[in-house]
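**Q** Need the 3D shape of this:
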Amino acid sequence: MAQTFNGDSREFTSFIGPHESLLRGLARKLCRNGGVEPEDLVQDTLERALVNFELLRGCSHGTRRAWLCTTLQRRFLDQCRRQRTESYERPHLELVHAPVLVREPRQWQSWERVSEEELHEAIACLRSPLREAFELHTKGLRYKAIAQRLGTTPGTVGFWLHQARLELRTLLRPLATGRAEELAA
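**A** From the prediction side, this is the model:
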């Protein structure tokens, strides 16, 4: 969600004013080998400062200065990493060709042979915390929301869901393989 600046632009200008020449000098120094534009770097830093203005407003002069310099350096490193990745990956991307699609006969997955009723019966056979976590997850809840509802941690929810899937496989595999043998015969 984008944040908007609710303050006075003169207040922000007076906040940045004492640090602007330092930021421009630091940006020129960092960008002296080319590749990154110093002015863009300063603008990115000022944009971050504008977004975090309420937080920085109560800080001392030295803390503001340190925050601005650190943010500028981090933005510089981010841009360098992005350029390095792009220059490294670009030649490899040209080697990628579109695959030729060949339709093969559809192979039925074993889980597709289990009816919805059988699946619900298997879920009902799960142990209490596993069943509750699995049912909430199938309703679209994320681990954190499930953890809050069940009074545990998201890591525990992940473990419960893993265990629930293992138990469901164990319960449903005989049904699925039995149907596969029936269809093959």
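**Q** got any ranges where this structure has weak pLDDT?
**A** Using pLDDT under 70 as the threshold, the predicted model of the chain has low-confidence ranges 1-8, 87-113, 176-185.
**Q** rerun that using 50 as the cut-off
**A** Counting by pLDDT under 50, the chain contains low-confidence residues at 1-2.
**Q** Next up, the contacts around Asp44.
**A** Leu72, Arg75 (CB atoms under 8 Å, 6 or more residues apart in numbering). Every residue, glycine included, has its C-beta placed from N, CA and C.
**Q** name the helices or strands packed onto the helix or strand hosting Ala145?
**A** Assigned by DSSP states H and E, Ala145 belongs to helix 143-150. Helix 143-150 is packed against helix 128-138, helix 154-184, with contacts defined by 3 or more CB pairs under 8 Å, 6 or more residues apart in numbering; DSSP states H and E.
**Q** Quick one: closest of those helices to Glu11.
**A** Among the helices and strands packed on helix 143-150, the nearest to Glu11 by CB to CB is helix 154-184 (40.7 Å).
**Q** and of the helices and strands packed on helix 143-150, who's closest to Leu55?
**A** Here helix 154-184 is closest among these (CB to CB), at 27.4 Å.
**Q** what packs against that closest one?
**A** In this structure, helix 154-184 makes packing contacts with helix 116-124, helix 128-138, helix 143-150, judged by 3+ CB pairs under 8 Å, 6+ apart.
**Q** so which of those helices gets nearest Arg32?
**A** Across the helices and strands packed on helix 154-184, Arg32 has its closest neighbour in helix 143-150 (45.4 Å, CB to CB).
**Q** got the contact list for that closest one?
**A** When contacts are taken as CB under 8 Å, 6+ apart, the neighbours of helix 143-150 outside the stretch itself are Pro129, Glu132, Ala133, Leu136, His137, Leu141, Thr153, Pro154, Thr156, Val157, Gly158, Leu161.
**Q** and the fifth one, what does it touch?
**A** Yep, that's His137 we're talking about. Tyr143, Ile146, Val157, Leu161.
**Q** circling back to that earlier point, quick one, which of the contacts of helix 143-150 are buried?
**A** The neighbour-count criterion (16 or more other CB atoms under 10 Å) marks Pro129, Glu132, Ala133, Leu136, His137, Leu141, Thr156, Val157, Leu161 among the contacts of helix 143-150 as buried.
**Q** right, and out of these, which lies closest to Glu47?
**A** Of all the buried ones among the contacts of helix 143-150, Glu47 sits closest to Leu141, with 35.3 Å by CB to CB.
**Q** Distance of the residue most central in space within the chain relative to Leu136?
**A** Nearest to the mean C-alpha position of the chain, counting by CA atoms, centre = their mean, stands Arg142 at 13.7 Å. Taking CB to CB, to the nearest Å as the measure, Arg142 falls 10 Å from Leu136.
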